[in-house]
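K.L.:
Okay, sequence plus prediction incoming.
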Amino acid sequence: MPFRDLILEHEDKTILKVSGLKVQYGSFVAVKGASFNMRQGACGLLGRNGAGKSSIIRTILGLVPPKEGSVQVLGLDAKKDGILVRDRIGYMPEKEAIFPGLSGVDAVSYAGRLSGLPPLAAKQRAHEVLFLVGLSEERYRPVKGYSAGMKQRIKLAQALIHDPDLLFLDEPTNGLDPEGRTEILNLLRNLVQKNGKSLLLCSHILPDVEGLCEEVILMDEGCVLRQGAIHDMLSSLGSLYRLRFYGEDPFEEWLKDQSMIQRKEETGELLIQLPPEQRVSDLFAQASQCNAQIRLLEPEKKSLLDIFLEAVQSKEPLKEKIRGAH
Amino acid sequence: MGLIDFGYRSFSGERTGVALRIRAIVSQQIRRFFGKKLTLLFYIGCLFPAIIALVFVYIRFVVIEGQGELAGLRNLRGLSHRNPNTLFGRSLEEISFYFTPYLTYAMPIAVMFSAIVGASTIPNDRNDGALELYFTRGIRPFHYFFGKWIGIFFLHLCLILIPYLLVWIIGVFLAPDWGFLQNTAPFIPRFILAQSLFCGGLSFLVLAQSVSTSSSRFSVMRVVGGLFVFWVLARMLRRFFHENNFLVLSPWNVLKRVAEGIADVQASHTFDLQVAIIGLFVLSLLGSLWIFKHLKATKAVG
C-alpha cells in the first residue's frame, strides 16, 4: 500500500501519536511519560532548555531508545518500522550536522541516496531543493566553508530532499538574518499549505511558532503541560489587562491575593488576568478602597508567551505538592 | 541569496533498497579518500612497490628471457651492456637485493596508512554531526558500519592486492610462454583470499575501535599505539616464557598468521594456526560487542 494512503486512513488525521514516553540517559530522566497526538499540519513543540523536546524527537527518529511507552508515526510503529518511518521523516537538527568533505549539491544528493532515492533522482532533486532554500549560487562550494545561515539552509535542504511527509525542525531559523528568517518561514508555510506536508517545529522564537503553527505542545521538565490549537489556548486565557496605578501597596497585595498578577514589567506596570467572576468596575472599587489611583488599564494582546508562562506557572503548585509529598 | 521559487516537486518514483544505500556509503568513502590531494599522493607513493615489482617482471620476461624481442623494446637491450642477463651491468638478483628492505617495509607502511585513514573516518563523522544525519536516514547503524567497513576494506585492497594482481596479469602476458601462468595460477586464489582476510580483518578492527570516540587523533593513536604495544608485549612474553603462542596477543600477528595459513606459505611466526584462528574469533567478537555498545549518535549523559 502506498505510504500516502496510510496517512489518509486516519480519519482524524493524527500523524504522530506518542503514548507514555519515558526517555532516560543513564540515571537522568529526560522525558517523564509524555503523551500527545499531532494532527496533520504544523505543530510547535515548546519548552525551556532541557524540557525534553529534542529527546522526544530523537526517540521518534530512533536515535535514543525509549525506556517506556510507544510512538506511532504515520500509522507505523517507530520502533518496529524504523527504516520505513525515517524514510518519510525529514529531520533538521539544531546543532551543526554536515557530511564532511562534500559540496552543497553532493551533500544533499548523498542525503537523498541514503533515504532511498536513485542516484539520478537524488542529484536532480538536490539541485531543486537547493534552489528552493536559496543556495543555488553556493551549491558547488564545500559545505565546510558555509556561513551559519547557509548551514541552516543546507540542513533544511537535506531534510527535504527525499520528499518526506513529516518534518522535524529543531530551531530552523537560528543564525538566519531577518530577511532569511522570513524567507524560510514562508517556504515552510508553503510546504504545509500547498504541499500538504506536516511539521513539528521546535523553537525558542515564539513569534515564529505563532506565525506558522496551528497547534502547540507545551513541555517542561520532561512532561507535556498542555496541547491544543493556539487559537483555543489564547481564548482560554481570559481577559488580560495592562495596569498602572499610583498609590498604596495594599492594592497590589490584594491583586496578589486574588492571583491576578501574571507578571510585573520593568516599568512597574502589571500584567493582570481578570477572572471571569470579576469585572473592571470591581478593580476601580478596590483601588478606591486601598487609596490607589488607576492611571492605566488597557486590554493586552495575548501571545504564545503568555500561554507558555501561564502553563509553566500553573505547574508550580503541582511541583510544590510533589516536593511536599517527598 | 534570494529564493528562486521553482516550487516544490514531490518524488513519485520507487525507493531503492538497503544494498544501494550501503553502496552510496562505500562510494562516498572511496571518493573522499581519492578526492584529497594528500591521501592521493600517499596512495601513489604506496604504489611504488608494485611499480618496482612491475619493473622486475618486465626485466625478467622482456629483457632477460624475451631478449627484448617484443616490438618497441629493442632499445632496452642497450641498458644491459650487450649482456642479455644483466641490467646496468648487474644481475636481477643483485638489483632485487638492494630493493629488499624497501619492499619489506613498504607493505606494512601502506597498510598502516590505510588503517590510519580508517581510524579517523567514524570519529570525523561524529565530530561533524554526520552520524546523526546517517542514523536519521533510512539505514540502521549496522548498515552504516558495514558501508564504512567495505569502503576501508576496498582501500586496503587498492593498496596491497589490486596493484599486485595487475602486475601478475601483465606478467602473464609478457612471459614468453604459458609456464609462468601454469606455475602461479594455483597460488592466486589463495593469495586473494589471504590478502582479503588480512585487509578485511584489519579494517574491521580499526573501524570497530574508532566508534567510541569523536577525536580522530585519539583514534589513530589508539590504533597505532595499540598495535605496537600488543606486538611488543607478545614478543616479550614469548621470549620470557619461551612459548610461541603468546604471539596471539598481537592482533597484527594473528591476522598475518591466519592469512599465511590461507595462502599456504611459510609462516613468519611459528605459533599454531588454530590458536591464531581462535584469536581472530575472539577479536571479532570483542569488536562486535564494542560496536554494539558504542555506535550511537547520542551518547548517554548524566
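P.N.:
Structure received. Residues are numbered from 1 along each chain as shown, chains lettered A, B, ... in the order given.
K.L.:
alpha carbons only for contacts and neighbour counts from here, please
P.N.:
Noted.
K.L.:
quick one: low-confidence ranges for the stretch 51-200 of chain B?
P.N.:
Across the stretch 51-200 of chain B, the ranges flagged by pLDDT under 70 are B:63-64, B:66-93, B:95-103.
K.L.:
Which residue, neighbours along the chain excluded, lies closest to the residue of it found nearest chain A?
P.N.:
At 4.1 Å from chain A, B:Gly129 is the closest residue in the stretch 51-200 of chain B, using CA to the nearest CA. Using CA to CA, 6 or more residues apart in numbering or on different chains and skipping the chain neighbours, the partner closest in space to B:Gly129 is A:Ala97 (4.1 Å).
K.L.:
Could you list which residues are in contact with the one you found?
P.N.:
For A:Ala97, the contact set (CA atoms under 8 Å, 6 or more residues apart in numbering or on different chains) comprises A:155, B:128-130, B:132-133.
K.L.:
can you redo the residues you listed as a markdown table with distance to B:Gly147?
P.N.:
Converted to a markdown table, the contacts of A:Ala97 look like this (distance: CA to CA, whole Å):
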| residue | distance to B:Gly147 |
| --- | --- |
| A:Lys155 | 23 |
| B:Asp128 | 18 |
| B:Gly129 | 18 |
| B:Ala130 | 14 |
| B:Glu132 | 16 |
| B:Leu133 | 15 |
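K.L.:
now those residues as a markdown table including neighbour count, secondary structure and distance to A:Leu76?
P.N.:
Shown next, in a markdown table, are these (neighbours: other CA atoms under 10 Å in any protein chain shown; DSSP: H, G, I helix; E, B strand; the rest coil; distance: CA to CA, whole Å):
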| residue | neighbour count | secondary structure | distance to A:Leu76 |
| --- | --- | --- | --- |
| A:Lys155 | 26 | helix | 25 |
| B:Asp128 | 19 | coil | 31 |
| B:Gly129 | 20 | coil | 27 |
| B:Ala130 | 20 | helix | 26 |
| B:Glu132 | 22 | helix | 22 |
| B:Leu133 | 23 | helix | 21 |
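K.L.:
and which of the residues you listed is nearest to A:Arg113?
P.N.:
Ranked by distance to A:Arg113 (CA to CA), these are led by B:Leu133 at 12.3 Å.
K.L.:
Spell out the secondary structure type for the closest residue in space to the closest one that isn't next to it in sequence.
P.N.:
Nearest residue to B:Leu133 in three dimensions, chain neighbours excluded: A:Ala97, at 6.8 Å (CA to CA, 6+ apart). Assigned with DSSP: H, G, I helix; E, B strand; the rest coil, A:Ala97 falls in the coil class.
K.L.:
Distance check, the residue of the stretch 51-200 of chain B closest to chain A against B:Ala185.
P.N.:
48 Å (CA to CA, to the nearest Å).
K.L.:
Spell out which parts of the stretch 1-150 of chain B neighbour chain A.
P.N.:
B:1-8, B:10-11, B:14-18, B:20-22, B:24-25, B:32, B:124-125, B:128-130, B:132-140 (CA under 8 Å from any CA of the partner chain).
K.L.:
State the pLDDT value of B:Phe33.
P.N.:
Residue-level confidence at B:Phe33 comes out at 85, pLDDT.
K.L.:
so where does it fall, helix or strand?
P.N.:
For B:Phe33, the host element (DSSP states H and E) is helix B:18-35.
K.L.:
Please report the distance of the spatially most central residue of chain B from A:Ile205.
P.N.:
Taking CA atoms, centre = their mean, the centroid of chain B lies closest to B:His156, which sits 2.0 Å from it. According to CA to CA, B:His156 stands 50 Å off from A:Ile205.
K.L.:
just to revisit the earlier point, and the residue nearest to the centre of chain B, what does it touch?
P.N.:
For B:His156, the contacting residues are B:111, B:114, B:199, B:203, by CA under 8 Å, 6+ apart.
K.L.:
where along the stretch 151-300 of chain A do the helices fall?
P.N.:
A:178-193, A:206-212, A:230-236, A:250-257, A:280-289 (DSSP state H, counting those that start in this stretch).
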